[in-house]
Every structure is written in C-alpha cells, then in structure tokens.
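Chemist: coords please:
(one chain, ligands or ions: 1)
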Amino acid sequence: MTDQLQARCVFLGAPGAGKGTQAKRVAAQAELAHISTGDMLREEVKSGSALGAEAKTYMDAGKLVPDQLIIDMVKARIQKPDAASAWILDGFPRTLPQAEALDQNLSGDNALTHVISFAVPEAVLMGRLTGRRTCSQCGAIWHVDHKPTQQQGVCDHCGGELTQRSDDREEAIGERLEVYRTQTAPLLAYYGDRGVLREIDANRSPDVVFQELLTQMQ
Ligand code: AP5
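Modeler: Just a heads-up that it's a prediction; the model follows:
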C-alpha cells in the first residue's frame, strides 16, 4: 500500500487515453479524491436533473458542455471535505477558460502539483472507445478485447450489467477527437509554460502505466 500522496493533479488526454481507468486505480491506491467531470455529468443525466438534461444533448453529440456549468460544478466539488488536500481531476480542465478558472481557485498550499498528459496515438483510441464497456452499478471500466469480463456483459467486481456509453459511437467519437485537438490540446502549451506538465506514454499495458504514474506523482 502506498502512503497517501499529497498530489493535486490533472489527468489530461484524448478520449480513450486511459484517464478514467488509471484515475480510479491511483486514487484508490494513494487515497486521493477522484473527481471525474464525465462521471459527475453522467450521474446528473441518470438522476434526471435539469443540469443532466442540458448536458446530455452536448455529450451525445460529442461536444463540450458550456464552460460555466462545468466550472461551477467543479468549484462545488473541490470544496467537499474528501478533496481538502489531495485529488485527481479527470477530464477537467478541457478549455483555456476552464484552466484559468481553476488557477483562480487554487493558490499557495492548494496549488496544482502535477499535470499529466496521457500520450496515445489517435489510431489506437477508436478501438479503445468502441470496445469499452462500463458497469452500470459500480462504474468499473472494461474492454471487450483488452480487459474482458469472465461472463460477457456482467461485471466481475459486483455482478452489475455492463453498458456502452451513448457517446462511444463512431460519429460521436470522431467529434470528441476533433474537440480534443482544437479545444483541449492547447492546454499542453499552457501547462508546459508553467513547468508542471509531464507526459507519459499511455500506449503500454495498464499495469506499466499505473506504476509510472505512481512514480511521477511522488
Ligand atoms: P469524459 O467522460 O471525461 O470522456 P473523455 O475525456 O472523452 O474520456 P473517456 O472517458 O472517453 O476516456 P478515458 O481517457 O477516461 O479512457 P478509459 O480509461 O475509459 O467526458 C464525456 C463527455 O462529458 C464529454 O465529451 C463532454 O461532453 C462532457 N464533459 C466532461 N468533462 C467536461 C469538461 N471539463 N468540459 C466540458 N464538457 C465536459 O479507457 C478507455 C478504454 O480503453 C476502456 O475500455 C479501457 O479498458 C481501455 N484501456 C485503458 N487503458 C488501456 C491501456 N493501457 N491499454 C489498453 N486498453 C486500455
């Protein structure tokens, strides 16, 4: 068991780069809060809230939901007690206004410690996304080829039903990749200039990527 890491970390990467898979595992191992804006939005959709209904139209089309909606959501989340000192932001920020809003909220003892960029060739991402399956009960992430469950369609961890995300269709994936290139990739230069950016080769086995993340986040 690793000691708790005092990391306040952003996981940055294209759709399917493995941010969610690794964030869940690192957060459990190193006792960090895992703050996934995608998961939070999917919970809102599931609950039938007005925010969820608004977000769903953007998500299903592979577009980003409006900045202010996400910024307000993350601000509220980061103030909760479990996120007092150490966390992983998975999927946020994704635009320059989001990154600037995060900077304004964090300073001194609370400042970002790492931004980790997950590098995976674009040709690999489509296969990862179309084959992804997610447990509807516990949220575990599987893959039909790379990480299959013992019984097709059933989660090995909790027996829950596996589902395919509504934005993991080829048309929506194409749009999400384009949105990443145009709106999120510029954050690499933004964080590079601040000296907090580290890149990892995330086109290796999940175990190798996990070990390197733990080392990088020390
Ligand atoms: P979100 O849920 O954040 O989706 P994403 O960024 O597109 O990322 P993914 O969850 O698709 O990929 P991942 O990198 O987590 O990969 P995973 O680990 O699952 O956002 C969804 C939508 O919400 C957005 O499109 C937008 O509409 C909205 N949204 C969210 N945040 C927002 C924000 N800040 N601003 C505005 N809108 C926002 O892995 C993928 C698959 O690959 C899995 O099957 C896994 O098993 C497999 N895999 C993982 N690692 C490996 C490996 N090393 N080798 C082989 N297979 C692997």
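Chemist: Can you tell me the element whichever residue of the chain sits closest to the ligand falls in?
Modeler: Per CB to the nearest ligand atom, residue 38 is where the chain lies closest to the ligand, at 1.9 Å. Yep, even glycine has a C-beta here, placed from its N, CA and C like the rest. Element membership of residue 38, judged by DSSP states H and E, is helix 37-47.
Chemist: Now do that helix, average pLDDT.
Modeler: Averaged across helix 37-47, the pLDDT comes to 96.
Chemist: now the angle from the helix or strand immediately after that helix in the chain to helix 37-47?
Modeler: Using DSSP H and E, the helix or strand that follows helix 37-47 in sequence is helix 50-60. Put simply, helix 50-60 runs at 120 degrees to helix 37-47, going by axes from the mean of the first three to the mean of the last three CA atoms, to 10 degrees.
Chemist: outside of helix 50-60, which residues touch it?
Modeler: Residues outside helix 50-60 that contact it (CB atoms under 8 Å, 6 or more residues apart in numbering): 41-46, 64-66, 69, 73, 166-167, 172.
Chemist: Distance-wise, check residue 74 relative to residue 67.
Modeler: Distance, residue 74 to residue 67, using CB to CB, to the nearest Å: 11 Å.
Chemist: Of the two, which one has the most company?
Modeler: The residue with more neighbours, out of residue 74 and residue 67, is residue 74; 22 against 16, by other CB atoms under 10 Å.
Chemist: List the residues that contact that one.
Modeler: Counting by CB under 8 Å, 6+ apart, residue 74 has contacts 35, 37, 89, 92, 102.
Chemist: Out of the residues you listed, who's the most crowded?
Modeler: Busiest of the contacts of residue 74 [other CB under 10 Å] is residue 89, holding 26 neighbours.
Chemist: Next one: that residue from residue 114, what distance?
Modeler: From residue 89 to residue 114 the distance is 10 Å (CB to CB).
Chemist: Spit out the residues that contact these two alike.
Modeler: With CB under 8 Å, 6+ apart as the test, residue 89 and residue 114 both reach 9-10.
Chemist: Show me which residues of this structure sit near the ligand.
Modeler: Neighbours of the ligand within the chain, by CB under 6 Å from any ligand atom: 13, 15-21, 37-38, 41, 58-59, 62-65, 70, 91-92, 94, 98, 128-129, 131-132, 141-143, 146-147, 167, 176, 202, 205-206, 209.
Chemist: Need the max-distance pair from the contacts of helix 50-60.
Modeler: 73 and 172 (21.4 Å; CB to CB).
Chemist: picking up where we left off before, okay, and which of the residues of the chain next to the ligand map to helices?
Modeler: Under the assignment DSSP state H, these contribute 19-21, 37-38, 41, 58-59, 70, 98, 128-129, 176, 206, 209 to helices.
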